[in-house]
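# Next comes the sequence, and after it the predicted model I'd like to discuss.
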Amino acid sequence: MHYQTALAEEIRSSATHLLAEDVGPGDITAQLIPENQWATAKVITREAAVLCGVAWVDEIFRCLDNRVTLRWQAADGDLLDADQCFLELEGPARSLLTGERAALNVLQTLSATATATRRYVDLIEGTNVRLLDTRKTLPGMRLAQKYAVTCGGGHNHRIGLWDAFLIKENHIAACGGIQAAVAQARKLASDLQVEVEVETFEELDQALAAGADIIMLDNFALEDLHVAVEINGGRATLEASGNVDATTLKAIAETGVDCISSGALTKDIKSIDLSMRITQTFNV
């Protein structure tokens, strides 16, 4: 399935799931509000952030009550300042309050990934190194977080276990070596990229000899990354992984590798602090 098609389907299904999780058989507190009362509301961010999740929020309120109008003042990928209003809503007060938490939950989570990604991307600006995500995503949010990484200026590694080969230590052991593993991958799907994870210079030589498209240098020291780049000589794409954080990222990028992958973009995130406030109520 094409990525964009899969993402659109996930947005639809996740909106339904998020509402079912929060609303269940009905929002009993919202029933305290007269049915004919309408309201306007605004959503602000308490901290600087990169916005992500517009389509999810649109779908949540579409599923909940298509009388709700959303007026976005920013788009996915835009940088928001602290205390900035980026969304105004109008519609039945009950519906605004019922959809509030589901909408904010997805916004604060995806914006957190986009913000973390932008922070890392800014650190390696000018190096021409691509920042990649991993499969270390929150359960059930794979495509959503991968989309958020792109909103932050990063790039997606493989989406799952089906769209590229990543031959790791245990695969190598089970296949009987790097050469055998790469050869078998070529037989199974010659059109897919083959990546090999290596931990030593000996394994790097074996991966190059086997014709790997991408070689992941796992937990290589900085000086060893420099050596690996020289050994490679541009034959394969080199990906650095392991010991990647804000303090090491720039130095790793300056070794000459082609890309850096980091699981922190999707698994070590802190939700963005968002708030929705009713600004006006009126009867219809």
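Cool, got the structure. Residues are numbered from 1 along each chain as shown.

# switch to C-alpha atoms for all contacts and neighbour counts from now on
Will do.

# three-state assignment of the spatially closest residue to Lys168 that is not a sequence neighbour?
In space, and not counting its chain neighbours, Lys168 is closest to Glu197: 5.1 Å by CA to CA, 6 or more residues apart in numbering. At Glu197, secondary structure determined by DSSP: H, G, I helix; E, B strand; the rest coil is strand.

# what do you get for Glu35?
Using three-state DSSP, the structure places Glu35 in coil.

# if I read this right, it contacts Ser95, doesn't it?
No - counting by CA atoms under 8 Å, Glu35 does not reach Ser95; the two are 9.7 Å apart.

# returning to what we had before: hang on, the residue nearest to Lys168 packs against Leu217?
Yes - in terms of CA under 8 Å, Glu197 counts as a neighbour of Leu217; the distance is 6.3 Å.

# now the helices for the stretch 101-250 of the chain?
For the stretch 101-250 of the chain, the helices defined by DSSP state H, counting those that start in this stretch occupy 142-151, 169-175, 178-188, 201-210, 222-232, 249-253.

# could you dump those to JSON lines with mean pLDDT, mean neighbour count and distance to Arg277?
Shown next, in JSON lines, are the helices of the stretch 101-250 of the chain (pLDDT from 0 to 100; neighbours: other CA atoms under 10 Å; distance: least, CA to CA, whole Å):
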{"stretch": "helix 142-151", "mean pLDDT": "97", "mean neighbour count": "25", "distance to Arg277": "25"}
{"stretch": "helix 169-175", "mean pLDDT": "96", "mean neighbour count": "13", "distance to Arg277": "51"}
{"stretch": "helix 178-188", "mean pLDDT": "97", "mean neighbour count": "17", "distance to Arg277": "54"}
{"stretch": "helix 201-210", "mean pLDDT": "98", "mean neighbour count": "17", "distance to Arg277": "56"}
{"stretch": "helix 222-232", "mean pLDDT": "98", "mean neighbour count": "16", "distance to Arg277": "49"}
{"stretch": "helix 249-253", "mean pLDDT": "98", "mean neighbour count": "20", "distance to Arg277": "39"}
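
# Report the separation between Asp218 and Ala180.
Going from Asp218 to Ala180 by CA to CA, to the nearest Å gives 20 Å.

# Bridged to the closest residue to Met276 other than its chain neighbours, which residues?
In space, and not counting its chain neighbours, Met276 is closest to Val43: 4.3 Å by CA to CA, 6+ apart. Taking DSSP bridges, one obtains Leu87, Met276 as the residues bridged to Val43.

# what's the neighbour count on Val43?
By the measure other CA atoms under 10 Å, the count of residues near Val43 is 20.

# Looking at Glu35 and Ser95, which is more packed in?
Ser95 (21 against 14).

# Surely the more buried one is in a helix?
Yes - counting by three-state DSSP, Ser95 is found in a helix.

# Settle this for me: it is touching Asn66, isn't it.
No - with contact defined as CA under 8 Å, Ser95 does not reach Asn66; the gap is 9.6 Å.

# about what we covered before: dump the helices of the stretch 101-250 of the chain to a markdown table, plus distance to Glu90.
Listed next are the helices of the stretch 101-250 of the chain as a markdown table, based on distance: least, CA to CA, whole Å:
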| stretch | distance to Glu90 |
| --- | --- |
| helix 142-151 | 26 |
| helix 169-175 | 54 |
| helix 178-188 | 54 |
| helix 201-210 | 58 |
| helix 222-232 | 54 |
| helix 249-253 | 44 |
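
# Show me the one of the ones you listed that comes nearest Ala75.
Ala75 sits nearest to helix 142-151 of all the helices of the stretch 101-250 of the chain, at 9.8 Å, using CA to CA.

# With only the CA atoms kept, save the closest one in PDB.
C-alpha atoms of helix 142-151 as PDB (Å, rounded to 0.1, in the frame of the first residue of the first chain):
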ATOM      1  CA  ARG A 142       4.000   4.200  13.600                       C
ATOM      2  CA  LEU A 143       2.800   6.100  10.600                       C
ATOM      3  CA  ALA A 144       1.700   9.200  12.600                       C
ATOM      4  CA  GLN A 145       5.100   9.600  14.300                       C
ATOM      5  CA  LYS A 146       6.900   8.900  11.100                       C
ATOM      6  CA  TYR A 147       4.900  11.700   9.500                       C
ATOM      7  CA  ALA A 148       5.700  14.000  12.500                       C
ATOM      8  CA  VAL A 149       9.400  13.400  11.900                       C
ATOM      9  CA  THR A 150       9.100  14.700   8.300                       C
ATOM     10  CA  CYS A 151       7.200  17.800   9.700                       C
END
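
# Perfect, that will be all.
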